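*Asks:* Got a sequence here, can you build the structure:
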Amino acid sequence: MIRRNRFRSAALACILALAAAKTARALTITPIFDSSITGDANAATIEASINQVIGNYETLLLSPIHITVTFKEMATGLGESNKFIIDDSYTDFRAKLAASATSASDTTALNSLPIQSLNPVNSDPNIQLTEANALALGIYTGSNTNTSPTTISC
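*Replies:* This is a model prediction of the structure:
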């Protein structure tokens with residue numbers, strides 16, 4: 001029972017980490033289960049738990065993004081993720097963020113970001129985004145051959 005709960009908690013933590021990185025309509029998460037999960041005596045329960053959490057988030061989030069996530073068992077901890085960082089100018093980032101605003105909450109958040117050419121956090125002309133955030137804003141199309149699917153260990 002402890003092991004099953006640990007996997008449910010880890011799956012939830014992993015999906016929350018992904019969800020926090022993007023807003024999506026028609027979000028699609030394709031899970032890949034590592035042999036450390038498929039070879040587990042409780043593989044069906046573990047996979048079903050992860051798929052249930054994925055299904056919940058796919059119905060809640062709003063922009064067309066598809067991600068592939070590799071899930072594997074960890075000996076300790078809740079999980080880890082490897083992600084790619086995309087650079088964009090702060091000006092372009094803010095403009096695309098404004099163009100994608102669809103709610104009062106989006107507008108409120110956007111109003112807290114100054115209209116200027118430099119990143120308000122570090123005064124750099126660029127901003128670094130995760131691949132998922134860049135995909136959500138159309139800054140990155142996923143066509144970079146140096147990238148691979150997001151891998152999450154849970």
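
*Asks:* the strands in this protein, which residues?
*Replies:* 28-33, 66-72, 80-82, 85-89, 126-130, 150-153 (DSSP state E).

*Asks:* how big is the angle separating the first one from strand 66-72?
*Replies:* It stands for strand 28-33. Angle of strand 28-33 versus strand 66-72, following axes from the mean of the first three to the mean of the last three Cα atoms, to 10 degrees, is 20 degrees.

*Asks:* What's the end-to-end length of stretch 111-122?
*Replies:* One end of stretch 111-122 sits 19 Å from the other (Cα to Cα, to the nearest Å).

*Asks:* for it, which positions count as buried?
*Replies:* Asn119 (16 or more other Cβ atoms under 10 Å). (Each C-beta comes from the backbone N, C-alpha and C, glycine too.)

*Asks:* Same check on stretch 44-51?
*Replies:* For stretch 44-51, the neighbour count (16+ other Cβ under 10 Å) marks Ile46, Glu47, Ser49, Ile50 as buried.

*Asks:* hmm, back to that, adding mean neighbour count, distance to Asp40 and mean pLDDT as columns, could you present the strands of the chain in JSON lines?
*Replies:* Output for those, formatted as JSON lines (neighbours: other Cβ atoms under 10 Å; distance: least, Cβ to Cβ, whole Å; pLDDT from 0 to 100):
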{"stretch": "strand 28-33", "mean neighbour count": "16", "distance to Asp40": "9", "mean pLDDT": "90"}
{"stretch": "strand 66-72", "mean neighbour count": "18", "distance to Asp40": "10", "mean pLDDT": "84"}
{"stretch": "strand 80-82", "mean neighbour count": "13", "distance to Asp40": "19", "mean pLDDT": "67"}
{"stretch": "strand 85-89", "mean neighbour count": "16", "distance to Asp40": "32", "mean pLDDT": "89"}
{"stretch": "strand 126-130", "mean neighbour count": "18", "distance to Asp40": "29", "mean pLDDT": "90"}
{"stretch": "strand 150-153", "mean neighbour count": "20", "distance to Asp40": "14", "mean pLDDT": "46"}
